[in-house]
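Peer 1: Quick one: sequence plus predicted model below, questions after.
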Amino acid sequence: MTYPTQLQRHESLAEAQRKAQEAFYLADDQFLAGSLSTLELLTAERSLVAADGALAASNTSIIQSQIGVFRAPGGGRQSSDTEGAGNTQ
């Protein structure tokens, strides 16, 4: 998946997460008012947790892509073995 595609997907997942959070808050209010069953509240919570997980996975994917871009031209740190090779005090 290309980086711009990942960013678009991330925005969509962030919006879905916001909507799931809003739906959970509404369900919680309805549950406290007695107009929603425990099962319906748990279903809303499960949807929120799934959206949170998908957004976290998207964050991980984007970060891994950014690290790959950074390392591609040799931007990674040298290992500690090569850093101290000339320093023998």
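Peer 2: Looks like it arrived, so ask away.
Peer 1: Can you tell me which residue is spatially central in the protein?
Peer 2: By C-alpha atoms, centre = their mean, the mean C-alpha position of the chain lies nearest to residue 56, the distance being 1.7 Å.
Peer 1: who touches that one in this structure?
Peer 2: Counting by C-beta atoms under 8 Å, 6 or more residues apart in numbering, residue 56 touches no other residue. Every residue, glycine included, has its C-beta placed from N, CA and C.
Peer 1: at 10 Å what do you get?
Peer 2: Listed by C-beta atoms under 10 Å, 6 or more residues apart in numbering, the contact set of residue 56 reads 13, 17.
Peer 1: Check residue 66 too.
Peer 2: For residue 66, the contacting residues are 3, 6, by C-beta under 10 Å, 6+ apart.
Peer 1: Can you tell me how far it is from residue 5?
Peer 2: With distances taken as C-beta to C-beta, to the nearest Å, residue 66 is found 14 Å from residue 5.
Peer 1: do residue 54 as well
Peer 2: With C-beta to C-beta as the criterion, residue 54 and residue 5 are 15 Å apart.
Peer 1: So the two - more neighbours on which side?
Peer 2: Neighbour totals were compared for residue 54 and residue 5, and residue 54 leads with 18 against 9 (other C-beta atoms under 10 Å).
Peer 1: thinking that one is in contact with residue 15, fair?
Peer 2: No. Judged on C-beta atoms under 10 Å, residue 54 makes no contact with residue 15 at a distance of 11.5 Å.
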